[in-house]
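Asks: Just the structure for this:
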Amino acid sequence: MPVWNEPKRRRPALYKQIAQDLERRISSGEFPPGSKLPSERTLAKEWNVNRSTVVSAYEELRALGLIERMQGSGSRVSSDIWGLARHRLPNWPKLVENGAFLPNAPLLRHIRKETLDHDLIDFASGELSPDLFPAASFRRILSEQPFDWQLGYDHPQGSPELRAIIAEHVRQERGINATPSSILITSGAQQALYLVIQCLLKPGDAVAIEDPSYCYSLRSFRSAGLKLCYLPVDRDGINPDDILALHREHRLKMVFLNPHFQNPTGATLSPARKQRVLELSAELGIPVIEDDPYSMTAFSGTPVPTLKSLDRNGTVLYISSLTKIIASGLRIGWVIGPQTVIERLADAKQQVDFGHSIFPQWVAHQFLRSPDYEGHMDHLRAALHARRERFVKALREKLGNEVELFLPEGGIHLWCRFRNELDGNAVLTEAIRRGVVFVPGNVLGTDKHAIRFTFGRAEEKSIEEGIQRFAEAYREAVQNFSRTSDPLC
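Replies: Predicted structure coming up:
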């Protein structure tokens with residue numbers, strides 16, 4: 001089974017290594033203020049580098065105010081290194097680089113920046129289109145319902161009223177028997193995942209995630225020093241036998257699954273595989289983290305049975321949210337699990353933010369108990385189904401059999417695998433030039449021939465135009481790839 005091991009952090013460029021070494025020697029007093037530093041030629045020989053590399057290192061130190069370059073007499077440590085008031089600017093770039101919490105993948109940061117800075121057709125953002133939010137219902141709630149909740153710090157696990165209605169909601173619509181005391185309100189599902197990783201795992205632990213998956217792109221796993229093992233996803237989800245094989249080799253501590261209309265493939269774990277996952281979890285004592293943002297979006301209107309609803313041994317920790325079914329800006333998510341786990345996660349959340357804001361909890365509570373909720377869900381499922389159909393029709397018209405489509409029966413994502421050899425990053429560059437953005441498959445897993453479109457984020461009127469621009473970008477990138485790959489070129 002494939003496994004990903006955390007690589008050593010990339011070493012800085014040579015000139016930065018030289019600059020850092022000299023900074024340490026200056027700080028330790030080896031080179032006191034006013035002292036002369038080794039010549040560029042001497043240092044180049046010592047480090048076995050070009051003289052230009054040393055020049056760059058000295059320029060770095062000069063920019064920090066540590067050294068002075070004297071014409072004709074080389075470089076010296078600044079005689080006023082601490083300044084008249086013994087002030088010195090922090091080395092913010094160095095602090096940023098060395099932080100333990102890793103930044104998002106560069107490509108994801110690039111996609112976000114381009115989407116924010118330019119008016120692009122957005123097939124990348126993992127959220128609903130604004131016209132699918134129940135904005136009119138929220139306005140009515142805010143104007144007609146009196147706010148009578150307390151304004152101090154709330155219960156560590158979140159509002160008791162909201163937890164009570166969520167317990168009723170998951171019982172009626174997801175088949176999960178939960179009590180308010182078994183629920184923790186979080187800032188969306190992503191905070192729930194972060195708390196689980198930080199509180200229940202330690203560096204070096206092996207965990208299994210789907211490939212491809214949203215979790216693949218999360219830096220939280222890598223920041224925590226976890227060993228990531230991959231579970232390939234097909235049209236019926238992951239193969240439970242792969243969990244067993246990985247556990248025998250790596251002693252898994254947890255399995256993270258998104259079993260319904262999975263992000264990004266849209267796959268749903270088959271009933272037989274669900275049962276086998278639960279059997280293995282109980283047999284091996286491996287907790288399963290079920291991330292379930294999409295089961296309520298089933299186009300049929302009949303929610304699929306969750307793993308948690310089938311769990312008879314208490315091995316599933318259930319995570320969900322209102323992000324993909326009501327509004328991402330509410331930031332309402334939750335975890336359902338054993339009380340000892342919930343109390344541990346709640347304690348950590350208190351350390352981070354002193355508990356969730358009371359206002360979005362109040363709005364969510366009012367909406368979930370209102371008659372508007374059911375109508376909104378019916379409208380949402382129909383709208384998502386219609387957008388998926390328009391997306392599929394446009395892709396087949398523009399690209400024909402050049403692309404294999406994985407058709408989901410719910411959710412908001414469409415996974416596309418291309419038959420030609422594909423450089424997803426090059427296609428993205430061309431697509432952004434044409435005013436459309438998506439997520440290349442290599443950001444979400446090991447498949448470099450695939451991409452993810454988020455049809456739930458796309459405005460209906462822009463779907464055909466966006467696919468037209470994408471098709472042009474794809475063909476341009478394929479032609480460029482063929483030219484550069486031709487040995488005669």
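
Asks: So which other helices or strands are in contact with the top helix by length along the chain?
Replies: In the chain, taking DSSP state H as the definition, the longest helix is helix 372-399. Packing contacts for helix 372-399, counted by 3 or more Cβ pairs under 8 Å, 6 or more residues apart in numbering; DSSP states H and E, involve helix 135-144, strand 403-406, strand 413-418, helix 463-485. Placement of C-beta: from N, CA and C, glycine included.

Asks: Recalculate using a threshold of 7 Å.
Replies: Packed against helix 372-399, as judged by 3 or more Cβ pairs under 7 Å, 6 or more residues apart in numbering; DSSP states H and E, are the following elements: strand 403-406, strand 413-418, helix 463-485.

Asks: Need the winner for burial among those.
Replies: Highest mean neighbour count of the helices and strands packed on helix 372-399: strand 413-418, a mean of 22 (counted as mean count of other Cβ atoms under 10 Å).

Asks: and that strand, what's its mean pLDDT?
Replies: The average pLDDT within strand 413-418 is 94.

Asks: okay, the angle between the helix or strand just after it and strand 413-418?
Replies: Per DSSP states H and E, the first helix or strand lying C-terminal to strand 413-418 is helix 424-433. Angle between the axes of helix 424-433 and strand 413-418 is 120 degrees (criterion: axes from the mean of the first three to the mean of the last three Cα atoms, to 10 degrees).

Asks: Report all helices and strands that helix 424-433 contacts.
Replies: Packing partners of helix 424-433 (3+ Cβ pairs under 7 Å, 6+ apart): strand 439-440, helix 463-485.

Asks: Output these in CSV, with mean pLDDT and distance to Gly410 appended to each entry.
Replies: Formatted as CSV, the helices and strands packed on helix 424-433 follow (pLDDT from 0 to 100; distance: least, Cβ to Cβ, whole Å):
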stretch, mean pLDDT, distance to Gly410
strand 439-440, 94, 19
helix 463-485, 85, 18
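
Asks: is it possible to export these to TSV including distance to Phe261?
Replies: TSV is the format used below for the helices and strands packed on helix 424-433 (distance: least, Cβ to Cβ, whole Å):
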stretch	distance to Phe261
strand 439-440	16
helix 463-485	19
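
Asks: how about Arg76, secondary structure?
Replies: Of the three states, Arg76 takes strand according to DSSP: H, G, I helix; E, B strand; the rest coil.

Asks: Next up, the contacts around it.
Replies: Applying Cβ atoms under 7 Å, 6 or more residues apart in numbering, we find Arg76 in contact with Gly34, Ser35, Lys36, Leu37, Ile67, Glu68, Met70.

Asks: so what's the fourth one up against?
Replies: Same thing as Leu37. With contact taken as Cβ under 7 Å, 6+ apart, Leu37 is in contact with Phe31, Ile67, Gly74, Ser75, Arg76, Val77.

Asks: low pLDDT regions in the stretch 51-200 of the chain?
Replies: 81-93 (pLDDT under 70).

Asks: how's this structure carved up into domains?
Replies: Here the domain parsing of the chain from automatic domain parsing is 3-98, 106-126+375-485, 140-370.

Asks: How far off centre is the shortest one?
Replies: So that's domain 3-98. The chain centroid and the centroid of domain 3-98 are separated by 36 Å, computed with Cα atoms, centre = their mean, to the nearest Å.

Asks: Do a quick rundown of the strands in the stretch 201-350 of the chain.
Replies: Along the stretch 201-350 of the chain, the segments classed as strands by DSSP state E, counting those that start in this stretch run 206-211, 227-234, 237-238, 252-257, 288-291, 316-321, 333-336.

Asks: Glu402: which of the ones you listed is closest?
Replies: strand 227-234 (21.4 Å; Cβ to Cβ).

Asks: Partner strands of that closest one and their direction?
Replies: Applying DSSP bridges, strand 227-234 is found paired with strand 3-4 (antiparallel), strand 206-211 (parallel), strand 237-238 (antiparallel).

Asks: Next, format those as a markdown table and append mean pLDDT and mean neighbour count.
Replies: Formatted as a markdown table, the strands paired with strand 227-234 follow (pLDDT from 0 to 100; neighbours: other Cβ atoms under 10 Å):
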| stretch | mean pLDDT | mean neighbour count |
| --- | --- | --- |
| strand 3-4 | 46 | 14 |
| strand 206-211 | 97 | 24 |
| strand 237-238 | 98 | 24 |
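
Asks: Adding distance to Glu161 as columns, could you present those in a markdown table?
Replies: Converted to a markdown table, these look like this (distance: least, Cβ to Cβ, whole Å):
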| stretch | distance to Glu161 |
| --- | --- |
| strand 3-4 | 42 |
| strand 206-211 | 34 |
| strand 237-238 | 35 |
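
Asks: Leu428: which of those is closest?
Replies: Nearest of these (Cβ to Cβ): strand 206-211, 20.3 Å.

Asks: Not counting stretch 237-249 itself, show me its contacts.
Replies: Outside stretch 237-249, the residues touching it (Cβ under 7 Å, 6+ apart) are 1, 208, 210, 229, 231-232, 252, 255, 257, 259, 262, 267-270, 273, 276-277, 280, 284, 286.

Asks: go again using 6 Å as the cut-off
Replies: Residues from elsewhere that reach stretch 237-249 (Cβ atoms under 6 Å, 6 or more residues apart in numbering): 1, 208, 210, 229, 231, 252, 255, 259, 267, 269, 273, 276-277, 280, 284.

Asks: Kindly provide the distance from Thr315 to Gly126.
Replies: Thr315 sits 28 Å away from Gly126, going by Cβ to Cβ, to the nearest Å.

Asks: same thing with Lys274?
Replies: 24 Å.

Asks: what about those two, which has more around it?
Replies: Lys274 (23 against 19; other Cβ atoms under 10 Å).

Asks: Pull up the gap between the more buried one and Thr268, please.
Replies: Counting by Cβ to Cβ, the gap from Lys274 to Thr268 is 9 Å.

Asks: Kindly report the same for Leu142.
Replies: 36 Å.

Asks: And the two? Which one has more around it.
Replies: Higher neighbour count among Leu142 and Thr268: Thr268, with 23 against 13, using other Cβ under 10 Å.

Asks: Against Asp122, how distant is the spatially closest residue to that one that is not a sequence neighbour?
Replies: Of all residues not flanking Thr268 in the chain, His260 sits nearest, at 5.3 Å (Cβ to Cβ, 6 or more residues apart in numbering). Separation of His260 from Asp122 (Cβ to Cβ) stands at 24 Å.

Asks: Which one of the two is surrounded by more residues?
Replies: His260 (29 against 20).

Asks: Make sure that one is actually in contact with Val304.
Replies: Yes - applying Cβ atoms under 6 Å, one finds His260 in contact with Val304, separated by 5.3 Å.

Asks: Pull up the overlap in contacts between those two.
Replies: Common neighbours of His260 and Val304, counting by Cβ under 6 Å, 6+ apart, are Ser295.
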